[in-house]
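Asks: Give the three-dimensional model of this entry:
(2 chains)
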Amino acid sequence: MKKHIGLFSQYAIGVLFGWGLIISGMSNPQKILGFLDLAGLWDPSLMFVMLGAVLVGLGGFYIVSKKTQAFFGGALHIPTRRDITKPLIIGSLIFGAGWGIAGFCPGPALVALGAGHLKALVFIVAMLAGMELCERFFSAHKKASSQV
Amino acid sequence: MQIDWISFTPIPSLLGGMILGVAAALYVLLHGRILGISGIISGLLHPKLSDSAWRLILVFGLVSAPFMAALFFGIFPVVEIESSWFAVVIAGLLVGFGAQYGSGCTSGHGICGLSRLSPRSLVATLSFMGAGFLTVFVLRHLIGV
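Replies: As a prediction, the model looks like this:
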């Protein structure tokens, strides 16, 4: 029973996160690009999204730091690494370049797919291919890939 | 720097951001994991049966969010994609590769990582934001796409 409620909770949190993206405007690639375009007409909205998310998130992660178990059971899978590595920086720079080209990142692309946009589907397929490419040819650092 | 006052949405963006924070906080409290979308998706590439159902269900939640928003609130998301098909493919490849190589994306590093004061995630967030600013500058103002 608890397992089923757990899976429902996965679904509900997925929907909630999607709603957050929709309400904040982040499911719209043009709004992301408006933020990234410092030299043009600049839309600061994304800063407010991050501010709201991190303010609430700080509380959540503070509470979880006092716990050892997740509500639905099992140990906490929270990353412990603190080393700043080349893959971390290079990967993030490549991610940012792709983000700046189309204004899509993984979450908003899934929401845009659900809103019926075929280009979002193409983006997601290409994204999966990019992930697979990394797994295939750069798997020496695979251990790190599951950790934030 | 000129602010785009017409597009700027401080209140909905702050509110929507707080909802993202609530989702991330609930996720770690209930399921004990970081709500990092790229990591959750990439775990589906080489699926193990016991480890796939929850990932698929969460992804389905995100995909069905527009439908559920329309159903419950009558809200329809604004999605404007002006990039060409070619640009979308290149962007997808880079985002996928980069998120995998850099161990996270805007949700995992940006929202969750900053919320738990992770130095790695701070470096990642500054890196992808910097690269994003530079890419848009080059594309829009130097090349003029």
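Asks: Which elements pack onto the helix or strand harbouring B:Phe60?
Replies: Counting by DSSP states H and E, the element that carries B:Phe60 is helix B:49-73. Helix B:49-73 is packed against helix A:2-24, helix A:106-114, helix B:37-42, with contacts defined by 3 or more Cβ pairs under 8 Å, 6 or more residues apart in numbering or on different chains; DSSP states H and E. Just so you know, the C-beta spots here come from the backbone N, C-alpha and C atoms, and that holds for glycine as well.
Asks: pLDDT at A:Met1, what is it?
Replies: In the prediction, the pLDDT value recorded for A:Met1 is 77.
Asks: ok, how many other residues are close to it?
Replies: 5 (other Cβ atoms under 10 Å in any protein chain shown).
Asks: Report pLDDT for residue 82.
Replies: In the absence of a named chain, this looks at chain A. 89.
Asks: Hmm, no, I was thinking of chain B.
Replies: Looking at B:Glu82, its pLDDT stands at 95.
Asks: In chain A, what residue spans correspond to strands?
Replies: Remark: strands assigned in chain A by DSSP state E are A:41-42.
Asks: Any idea how far the helix holding B:Phe60 is from the middle of the chain?
Replies: When distances are taken as Cα atoms, centre = their mean, to the nearest Å, helix B:49-73 is centred 15 Å away from the chain's centroid.
Asks: mind listing what B:Val78 touches?
Replies: Residues in contact with B:Val78, defined by Cβ atoms under 8 Å, 6 or more residues apart in numbering or on different chains, are A:25, A:27-28, A:31.
Asks: And it, how close does it get to B:Leu58?
Replies: Applying Cβ to Cβ, to the nearest Å, the value for B:Val78 to B:Leu58 is 24 Å.
Asks: do B:Leu122 as well
Replies: 25 Å.
Asks: cool, A:Lys66 as well?
Replies: 25 Å.
Asks: neighbours around A:Ile5, how many?
Replies: The number of residues packed near A:Ile5 is 13, by other Cβ under 10 Å.
Asks: Number of residues surrounding A:Leu121?
Replies: The tally of other residues near A:Leu121 (other Cβ under 10 Å) stands at 16.
Asks: Give the residue spans of chain B that score low on pLDDT.
Replies: Filtered on pLDDT under 70, chain B yields no residues whatsoever.
Asks: can you pull out the strands in it?
Replies: Taking DSSP E as the test, the strands found in chain B are B:2-3.
Asks: Just the helices from it, written as ranges.
Replies: Ranges of helices within chain B are B:10-31, B:37-42, B:49-73, B:85-101, B:114-115, B:119-136, based on DSSP state H.
Asks: Serialize those helices to JSON lines and add fields for mean neighbour count.
Replies: Putting the helices of chain B into JSON lines (neighbours: other Cβ atoms under 10 Å in any protein chain shown) gives the following:
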{"stretch": "helix B:10-31", "mean neighbour count": "22"}
{"stretch": "helix B:37-42", "mean neighbour count": "26"}
{"stretch": "helix B:49-73", "mean neighbour count": "17"}
{"stretch": "helix B:85-101", "mean neighbour count": "25"}
{"stretch": "helix B:114-115", "mean neighbour count": "22"}
{"stretch": "helix B:119-136", "mean neighbour count": "21"}
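Asks: and A:Met47, which of the ones you listed is closest to it?
Replies: Judged by Cβ to Cβ, the one of those that comes nearest to A:Met47 is helix B:10-31, at 8.2 Å.
Asks: and that closest one, how far out from the chain's middle?
Replies: The mean C-alpha position of helix B:10-31 is separated from the chain mean by 13 Å, Cα atoms, centre = their mean.
Asks: rewinding a little: let me know which of the helices of chain B is the nearest to A:Val111.
Replies: A:Val111 lies closest to helix B:49-73 among the helices of chain B, at 5.4 Å (Cβ to Cβ).
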